[in-house]
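*Asks:* Sequence first, then the predicted structure:
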Amino acid sequence: MRQALRTRGRRPSLLTTFALVSLLPVALLGFGLSQYLEHQVRGRAYADARQSAVLVATALQTQLTPYQFKYGLGQSDLIALDRTIGGLKASGVSGVKLWDPRGRVLYADDRASIGHRYGPSPRLRQALGGKVAAGMSSGDATDGWSGRTYEVVVPLRFGTGGRILGALELYLPYTPLSAAIAHDVRTTYALIGSGLLLLWLSIFRLVAGASRKLRRQAEENERLALHDHLTGLPNRSLFLDRVDHALRGSARTGGGVAVLLMDLDRFKEVNDTLGHHCGDLMLKELARRLSAVVRPTDTVARLGGDEFALLIPDVVQPDAGILLAERISRALQDPFVIDGLPLEAEASVGIALYPVHGEDVETLLQRADVAMYVAKETKTHYAVYDADVDNYRPERLMLVGELRRAIENRELVLHYQPKATLVDGTVRGVEALVRWQHPERGLVQPDVFIPVAEHTGLIRPLTRFVVEEALKQCRRWREQGFDLTVAVNVAMRNILDEEFPNELERMLEKHGLDPGVLELELTETSVLADPPRAKEILQRLRDTGVSLAVDDFGTGYASLAYLSELPVDEIKIDRSFVMAMDREEQQARIVRSTIDLGRNLCLSVVAEGVESAEVWESLVELGCDSAQGYFLARPLPPDELTPWLADRLPRRDLTAEVA
């Protein structure tokens, strides 16, 4: 399709085709009509000539008698006929002959022919048979005239019975007859030609009007097919075509191309709160602002929803994409005034460059999309593609199949990191951390395969596996007398899965454990994808009896007001703040504020990443409840953690319980 957009052939237009095609049948029709009417004109002229001859014969019959045809004409008869024939010649008759039934000339304006007998001509025989005969004839000296003439032979009838006693042969000059025919034919041609021309012009005008209308409609349909109906910007098809064209041009010139993808942050809130009408007005204004910050050679397109794309062909500066992204950010600084209501807007922009990040349209768009979501997650407004954060790279996608097999074959293992109360160091629970010892890749870090699982749908079976294994191990420890809780990390897809609470209940029942032994840890950002739905499912989880904790607290973007509404029991301070609190006052203030916040919200506070006695003591002084980190213990497999627990934890008296 894209190639066809640029290489459309220069075929004749519909109007030109019609003009050429319709002219031929009109010309053929005109020729046919002209030939027919010319034949009619000639026939009418000849009929008029024959009628004139009949009238002359009728007039002469009054001067002739059967006796004269039998015995011949006397001198007085000849003189009388000469006078009559002279008058006929004055009116244009070239010659006259009278024939008797035997083929003898009774009279002729050429007296030398009188009395001669000639073999009857076909026309004379036809006339003596009672029919008028006519045809072209060439006069010669013997006839007394020369040149082409029109010969008419008329039978002469006498008496009441109409007996034929002879024939009148009349010669009419062809030149005036031909001139009359030619005049009539020319007139006929002119009338036919003018009429057909007017008819053709009328039809041509109608077709021309229809053609213009169809052309405008086709152009409009093409525009609609290649442009967004709301904003008037190029749509995805036209944008892909222009990117492809720019890439082929850059491949020849050695230049660069920048592709940018962007969408509005929290645009869904505008639609949900103010309605789609306001959302549409906002998109139209955004399209106007984007068009104002690009060059005439650049392209701004709307791909759908609130997603826009920009193309910079012939990139000269390596940072051209960044400069455009900054112009976009500045263009969005002024509020959008929609129906009198000012609305703030921010956008996330992802940038991919040819040939650095990809050499075809699909790759560049996919990598610009990855960069856009990095910008959205990091709140940096824009980001250039970075392969290190691309979960869709081929080498990472290869992990998908291997991870699926690892989950199905239960090749993953769990390590557990203890969590202790700060005041007395008593271990109250452990956090389950999944590990993957790949047979070829070695130890694959969770931050590599867990994002792959989250983006491919494997997070559900992975979470199910981790919870199942953690509950199984928790059951073993409790059977050994260790009263521990176990914490499991859950992802955004889990807390938006309406079936997840039911699955947890079934697994707890399967292992015969009280729901209170299980703690689910979730991040701030995981609840922001769909806050109402997340809150509903979290409440269902809380109602089952499991406890909920906000992990990596302080690194997300959820408001404190929203967090205060979540049914959570605990917040965990992110290790990045805890590990630096003894060196950086800013980090220490964040830790202190978080502990105070937890106390005010009646939430338990856990510090992650405690690696020194100094930090441990500082947390005790600040009133933090619990801690976990390398200072207490590294994550350990169950067979190593069990003896470690035995050295530090009192066991329940299992014999007393049995008794």
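*Replies:* That came through fine.
*Asks:* Next up, the contacts around residue 405.
*Replies:* Applying C-beta atoms under 8 Å, 6 or more residues apart in numbering to residue 405 gives the contacts residue 411. (Glycine included, C-beta is placed from N, CA and C.)
*Asks:* any idea of the mean pLDDT in the host helix or strand of it?
*Replies:* Residue 405 belongs to helix 394-408 when elements are defined using DSSP states H and E. Averaging pLDDT along helix 394-408 yields 78.
*Asks:* Give me the contacts around the one helix or strand residue 429 maps to.
*Replies:* According to DSSP H and E, residue 429 maps onto strand 427-438. The contact list for strand 427-438 (C-beta under 8 Å, 6+ apart) reads 402-403, 406, 411-421, 443-444, 446, 449-450, 462, 465-466, 469-470, 473, 484-489, 519, 521, 626, 628, 635, 641, 645, 648-649.
*Asks:* Quick check: PyMOL command selecting the buried ones in these.
*Replies:* Filtering those down to the buried ones (16 or more other C-beta atoms under 10 Å) takes a single PyMOL command:
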select buried, resi 402+403+406+412+414+415+416+417+418+419+420+421+444+449+450+462+465+466+469+470+473+484+485+486+487+488+489+519+521+626+628+635+641+645+649
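*Asks:* quick one: which of the contacts of strand 427-438 sit in helices?
*Replies:* With helices defined by DSSP state H, the entries of the contacts of strand 427-438 inside them are 402-403, 406, 446, 449-450, 462, 465-466, 469-470, 473, 641, 645, 648.
*Asks:* Those residues: which two are farthest apart?
*Replies:* Across those, the longest distance by C-beta to C-beta is 37.5 Å; it joins 402 and 648.
*Asks:* Who are the packing partners of the top helix by length along the chain?
*Replies:* The single longest helix within the chain, with elements called by DSSP H, is helix 174-226. Using 3 or more C-beta pairs under 8 Å, 6 or more residues apart in numbering; DSSP states H and E, the elements in contact with helix 174-226 are helix 14-61, strand 147-158, helix 236-253.
*Asks:* give me the number of residues near residue 605?
*Replies:* 25 (other C-beta atoms under 10 Å).
*Asks:* Okay, and it sits in which element?
*Replies:* Going by DSSP H and E, residue 605 is part of strand 604-608.
*Asks:* what element comes up after that strand heading to the C-terminus?
*Replies:* That would be, after strand 604-608 and using DSSP H and E, helix 613-622.
*Asks:* residues of that following helix that come out buried?
*Replies:* 615, 616, 618, 619, 622.
*Asks:* same deal with stretch 630-638?
*Replies:* For stretch 630-638, by 16+ other C-beta under 10 Å, it's 631, 632, 633, 635, 636, 638.
*Asks:* Next, format the residues you listed as CSV and append distance to residue 61.
*Replies:* Shown next, in CSV, are these (distance: C-beta to C-beta, whole Å):
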residue, distance to residue 61
631, 152
632, 152
633, 151
635, 143
636, 148
638, 146
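*Asks:* Out of these, the closest to residue 531 would be?
*Replies:* residue 635 (31.7 Å).
*Asks:* which residues sit in contact with that closest one?
*Replies:* 415, 416, 417, 431, 433.
*Asks:* rerun that using 7 Å as the cut-off
*Replies:* By C-beta atoms under 7 Å, 6 or more residues apart in numbering, the contact set of residue 635 is 415, 416, 417, 433.
*Asks:* what's the answer for residue 543, then?
*Replies:* Per C-beta under 7 Å, 6+ apart, neighbours of residue 543: none.
*Asks:* run the last query once more with 10 Å
*Replies:* 501, 515, 567 (C-beta atoms under 10 Å, 6 or more residues apart in numbering).
*Asks:* Under a three-state scheme, what state does it occupy?
*Replies:* helix (DSSP: H, G, I helix; E, B strand; the rest coil).
*Asks:* from what I can see residue 604 touches residue 625, true?
*Replies:* Yes. Contact criterion C-beta atoms under 10 Å: residue 604 and residue 625 qualify, at 4.8 Å.
*Asks:* Roughly how far does residue 109 sit from residue 166?
*Replies:* Residue 109 sits 16 Å away from residue 166, going by C-beta to C-beta, to the nearest Å.
*Asks:* Comparing these two, which residue is more hemmed in?
*Replies:* Set residue 109 next to residue 166 and count neighbours by other C-beta under 10 Å: residue 166 wins out with 27 against 21.
*Asks:* for this protein, what helix or strand is lowest in average pLDDT?
*Replies:* helix 2-6 (a mean of 44; mean pLDDT, DSSP states H and E).
*Asks:* how about low-confidence regions in the stretch 201-350 of the chain?
*Replies:* Filtered on pLDDT under 70, the stretch 201-350 of the chain yields the residue ranges 220-224.
*Asks:* Just to confirm, what's the three-state secondary structure of residue 93?
*Replies:* Going by three-state DSSP: residue 93 is coil.
*Asks:* burial measure for it, as a count.
*Replies:* 20.
*Asks:* what's the average pLDDT for stretch 510-530?
*Replies:* 87.
*Asks:* Kindly format the C-alpha coordinates of that stretch as PDB.
*Replies:* Extracted in PDB, the C-alpha atoms of stretch 510-530 (Å, rounded to 0.1, in the frame of the first residue of the first chain):
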ATOM      1  CA  LYS A 510      -4.700 -26.800  50.400                       C
ATOM      2  CA  HIS A 511      -1.800 -26.400  52.800                       C
ATOM      3  CA  GLY A 512      -3.900 -26.100  55.900                       C
ATOM      4  CA  LEU A 513      -2.500 -22.600  56.800                       C
ATOM      5  CA  ASP A 514      -4.200 -19.700  58.400                       C
ATOM      6  CA  PRO A 515      -4.400 -16.700  56.000                       C
ATOM      7  CA  GLY A 516      -2.500 -14.600  58.600                       C
ATOM      8  CA  VAL A 517       0.700 -16.400  57.800                       C
ATOM      9  CA  LEU A 518       0.800 -14.900  54.300                       C
ATOM     10  CA  GLU A 519       1.900 -11.400  53.500                       C
ATOM     11  CA  LEU A 520       1.600  -9.900  50.000                       C
ATOM     12  CA  GLU A 521       4.000  -7.100  49.000                       C
ATOM     13  CA  LEU A 522       3.100  -4.700  46.200                       C
ATOM     14  CA  THR A 523       4.700  -1.600  44.900                       C
ATOM     15  CA  GLU A 524       3.100   1.900  44.700                       C
ATOM     16  CA  THR A 525       3.200   2.000  41.000                       C
ATOM     17  CA  SER A 526       1.400  -1.300  40.600                       C
ATOM     18  CA  VAL A 527      -1.800   0.100  42.100                       C
ATOM     19  CA  LEU A 528      -1.800   3.200  39.800                       C
ATOM     20  CA  ALA A 529      -2.700   1.400  36.600                       C
ATOM     21  CA  ASP A 530      -6.300   1.100  37.600                       C
END
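*Asks:* which parts of it are buried?
*Replies:* Result for stretch 510-530 [16+ other C-beta under 10 Å]: buried residues 511, 513, 515, 517-524, 526-528.
*Asks:* How much space separates the nearest residue to residue 68 once chain neighbours are set aside from residue 86?
*Replies:* Closest residue to residue 68 apart from its sequence neighbours, by C-beta to C-beta, 6 or more residues apart in numbering: residue 77 at 6.2 Å. Per C-beta to C-beta, residue 77 is found 15 Å from residue 86.
*Asks:* Compare the two and say which is more crowded by neighbours.
*Replies:* Neighbour count, other C-beta under 10 Å: between residue 77 and residue 86, residue 77 has more, with 16 against 11.
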